[in-house]
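1. sequence and predicted structure below; questions after.
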Amino acid sequence: DTAVSQTPKYLVTQMGNDKSIKCEQNLGHDTMYWYKQDSKKFLKIMFSYNNKELIINETVPNRFSPKSPDKAHLNLHINSLELGDSAVYFCASSLGQGAETQYFGPGTRLLVL
Amino acid sequence: AQTVTQSQPEMSVQEAETVTLSCTYDTSESDYYLFWYKQPPSRQMILVIRQEAYKQQNATENRFSVNFQKAAKSFSLKISDSQLGDAAMYFCALGEYGNKLVFGAGTILRVKS
């Protein structure tokens, strides 16, 4: 009965590799997000999708590409991983685009060696 | 641009005592929401409390309450009867229409038994 789930929980990989993180929500929400939490615990929005349509795209390198196959899923693909990509990535969802409460997944800790 | 400032990197409280975490924010919008999220060592982001800017009444959730001062752009969190399980990092966040959450840097709360 997990509301927002992410896989994998941990990801260790080499520089230059390509990896994906998957997110699924079973709350029936229309809007989903990706946030990045850096080593200093600072959280910043990366992307937001509403009903499969991209609505927020912060200044993120184009090595990061989100994909929303349906409104319950939002995946994050990262090409050519760099050391600075090491962080915790959180998926979240909310009912809509108004400032509703966002519910977060458990996070994916990515370590790039 | 929206900003959220948490001026206390770390706070300590004795079990059963009360502690207040500070947050100030800046926004040019008149309609927005404010949130406190808790992040325990498990790294899960848990919603603690939410406040709509148009409501004058301060939000309360059991032992958690806020002091929302709209003119001063201040949104502090009061935790009463502190428990060991309250130990976590607490993030203040500002949400506007379009639903990008802007987070503060966080305050680590330590609870002493």
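-> Arrived safely, thanks for sending. Numbers count the residues shown, from 1 in each chain, chains lettered A, B, ... in the order given.
2. can you list contacts of the helix or strand harbouring A:Val88?
-> A:Val88 belongs to strand A:87-94 when assigned by DSSP states H and E. Identification of contacts with strand A:87-94 by C-beta atoms under 8 Å, 6 or more residues apart in numbering or on different chains yields A:3-4, A:6, A:21, A:23, A:25, A:27, A:29-39, A:43, A:74, A:76, A:100-105, A:107-110, B:43, B:45, B:99. (Glycine included, C-beta is placed from N, CA and C.)
3. again, but for stretch B:62-78
-> So stretch B:62-78 is in contact with B:18-27, B:34, B:36, B:48-49, B:51, B:53, B:58-60, B:79-83, B:90, B:92, going by C-beta under 8 Å, 6+ apart.
4. any idea how far the strand holding A:Val88 is from the chain center?
-> 5 Å (C-alpha atoms, centre = their mean, to the nearest Å).
5. same question for stretch B:90-97.
-> Distance of stretch B:90-97 from its chain centroid, counting by C-alpha atoms, centre = their mean, is 8 Å.
6. do the same with stretch A:84-104
-> With C-alpha atoms, centre = their mean, you get 7 Å for stretch A:84-104.
7. what distance separates the start and the end of that stretch?
-> In stretch A:84-104, first residue to last residue: 23 Å (C-alpha to C-alpha, to the nearest Å).
8. list the residues that contact B:Phe103.
-> Per C-beta under 8 Å, 6+ apart, neighbours of B:Phe103: A:42-44, B:4, B:37, B:91-93.
9. can we see that at 10 Å?
-> Going by C-beta atoms under 10 Å, 6 or more residues apart in numbering or on different chains, B:Phe103 touches A:35, A:37, A:41-45, B:4, B:6, B:35, B:37, B:45, B:91-94.
10. show me what it is bridged to.
-> B:Ala93 (DSSP bridges).
11. how about the residues of chain B by chain A?
-> B:29, B:31-35, B:37, B:39, B:42-47, B:50, B:52-53, B:89, B:91, B:93-106, B:108 (C-beta under 10 Å from any C-beta of the partner chain).
12. tell me the centre residue of chain B?
-> By C-alpha atoms, centre = their mean, chain B has its centre lying nearest to B:Trp36, at 3.4 Å.
13. how about low-confidence regions in chain B?
-> Along chain B, segments meeting pLDDT under 70 span B:98-99.
14. please point out which parts of the lowest-mean-pLDDT helix or strand in chain A sit buried.
-> Scoring the helices and strands of chain A by mean pLDDT, DSSP states H and E places strand A:53-57 at the bottom, with a mean of 86. Judged by neighbour count using 16 or more other C-beta atoms under 10 Å in any protein chain shown, the buried positions of strand A:53-57 are A:Ile56.
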